[in-house]
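> show me how the following folds:
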Amino acid sequence: MMKSSPTPWWYLEKSFKSKSFFDLTTVLSIIGLTAGVATLIVSMAVFSGYIKTLKISVQGLFGHVVVFNRGAESQDQILEKIKNSKEPIVAQTPFLAVESVLAHKGLVNGVMLEGVDQKSLFSVLDMKKHLVAGDFRLSSKEPLAIVGKGVATKFQLKVGDQFRIVIPKSKGIGAFQVQPKVLEMKVSGILNFGRYDFDSRYILTDLNVAQEFSGDLGKISGVRIKMEGPSQASALAQRLSAHLGERYWVRDWSDINRNLFEAVGLEKTVIFFLLMILVLVASFNLSSQLIVGVVKRYQDIAILKTCGAGPKAIQKIFTWQGLVTGGIGCLAGFILGVVLCYSLEWLQYFVPIVPAEVYKLDHIQLDIRFMDLLLIFSCTLVISFFSTLVPARLGSRMSPVKGLRYD
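As a prediction, the model looks like this:
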């Protein structure tokens, strides 16, 4: 009499080697699982990549911590107060933000003119890697400007072109005493900030030029601070805020676009469960394929039971058959999903897939995370396992006499 323990593996090996295993229903089940898993992988990679790209963008443009000046303190006073806090700060750089209007070739648009200290800027922000044209060259004696690529495109500005920046300058309380102040600037470089809101509005110039133009000599809007690591920024911001007092507004990089970070994280979770429905639907195909397989193998099941195979052995046959089918679909989905991820990232350079005016980023570096893959793989196999229970129990309960009638 045949032992019951090796029966499932002997029959499974025989089934896999036969051409009938990959019939139409099995192929359709594998295709459904492949499509569902691939869609999940691409979706998770897009959401994870968006969060990662946004974090890098925020830290690269704002720094780890930003101290905003609410009072009338001078640049030296602010820097001295930050120094007296004795916090573990790696580097810091002051800046002055001036709301302005750019007028060029009949076009007018509101822009943010930001004066920066070129000597300390690169110790906090790596701006040079965003340069797409010209040189990162600013001067305290000459009104040179580095514009965002969105500004350059809208106003058709090239390196070496000149344009005008206008700000209203009040000399009193009356409306008739507000007179515009005009500054003629020259483009020395064009930056791709990687964010739509910066590319379409920001213009960088030397801090002294911005102070003289705005009339705020010796004044700054705030200080950008760099830490050893971004994870320390939140605790530092709280301590600095307590040390500096109410005249200063201290924000760490995670506070900036916090609502967007939280919304994307929530959407990623919701999308995962919604797309898992695709895998669940594909598992119904897998279950129906196994039920059909049970009907087709009535005679084989009857013979196996006659030879001594128990209900558990028969149940293992169809359970493992379903798991193997699910595993093949999952593996194929992994391969297809990874290929689609790299294709999508490459396609972004040629086709504007991500609407920058909505999501603030014009390009997303897709991030395929191991934990996401592990979660997708585990959930797919669990769903595949539960989809095999009904057909497996149906086959294990079949009577040998009933099966021999189909001979």
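> the strands in this protein, which residues?
Defined through DSSP state E, the strands belonging to the chain, from first to last, are 65-69, 91-104, 107-116, 131-134, 144-148, 162-170, 178-191, 202-206, 222-226, 248-252.
> what mean pLDDT does the fourth one have?
When pLDDT is averaged along strand 131-134, the result is 86.
> report the buried residues of that strand.
Applying a neighbour-count criterion of 16 or more other CB atoms under 10 Å, the buried positions in strand 131-134 are 133, 134. In this view, the C-beta of every residue, glycine as well, is placed from N, C-alpha and C.
> what of stretch 325-344?
By neighbour count, and taking 16+ other CB under 10 Å as the criterion, the buried residues in stretch 325-344 are 325-334, 336-338, 340-341, 344.
> re earlier: any chance of the strands of the chain in CSV, plus distance to residue 383?
As requested, the strands of the chain are exported to CSV (distance: least, CB to CB, whole Å):
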stretch, distance to residue 383
strand 65-69, 45
strand 91-104, 51
strand 107-116, 51
strand 131-134, 47
strand 144-148, 47
strand 162-170, 60
strand 178-191, 48
strand 202-206, 48
strand 222-226, 46
strand 248-252, 41
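> weakest of the ones you listed in terms of mean pLDDT?
The stretch with the lowest average pLDDT out of these is strand 162-170, scoring a mean of 81.
> so what are the sheet partners of that one and their directions?
Using DSSP bridges, the strands paired with strand 162-170 are strand 91-104 (antiparallel), strand 178-191 (antiparallel).
> residue 263: which of those strands is closest?
strand 91-104 (26.3 Å; CB to CB).
> dump that closest one to PDB, keeping only the CA atoms.
Coordinates of the C-alpha atoms in strand 91-104 are reproduced here as PDB (Å, rounded to 0.1, in the frame of the first residue of the first chain):
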ATOM      1  CA  ALA A  91      26.400  75.200   9.700                       C
ATOM      2  CA  GLN A  92      24.000  78.100   9.300                       C
ATOM      3  CA  THR A  93      23.300  80.700   6.600                       C
ATOM      4  CA  PRO A  94      21.200  83.900   6.800                       C
ATOM      5  CA  PHE A  95      18.700  84.900   4.100                       C
ATOM      6  CA  LEU A  96      16.400  87.900   3.300                       C
ATOM      7  CA  ALA A  97      13.100  87.300   1.500                       C
ATOM      8  CA  VAL A  98      11.600  90.200  -0.400                       C
ATOM      9  CA  GLU A  99       8.200  90.000  -2.100                       C
ATOM     10  CA  SER A 100       8.700  91.600  -5.500                       C
ATOM     11  CA  VAL A 101       7.300  91.900  -9.000                       C
ATOM     12  CA  LEU A 102       9.200  90.900 -12.100                       C
ATOM     13  CA  ALA A 103       8.500  92.900 -15.300                       C
ATOM     14  CA  HIS A 104      10.100  91.800 -18.600                       C
END
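> quick thing: my sequence starts at 797, can you match it?
Sure, I'll start counting at 797 from here, so that last one is strand 887-900.
> now the angle from that strand to strand 940-944?
Going by axes from the mean of the first three to the mean of the last three CA atoms, to 10 degrees, strand 887-900 is angled at 90 degrees with respect to strand 940-944.
> circling back to that earlier point, so which of the buried residues of stretch 1121-1140 comes closest to residue 839?
Ranked by distance to residue 839 (CB to CB), the buried residues of stretch 1121-1140 are led by residue 1133 at 9.2 Å.
> now that closest one. Nearest residue, chain neighbours left out?
Across the structure, with CB to CB, 6 or more residues apart in numbering as the measure, the residue nearest residue 1133 apart from its sequence neighbours is residue 837 (2.9 Å).
> can you name the residues that contact the one you found?
The contact partners of residue 837, taken as CB atoms under 8 Å, 6 or more residues apart in numbering, are 1129, 1130, 1133, 1134, 1136, 1137, 1164, 1168, 1169, 1172.
> kindly report the same for residue 906.
For residue 906, the contact set (CB under 8 Å, 6+ apart) comprises 895, 896, 897, 898, 997.
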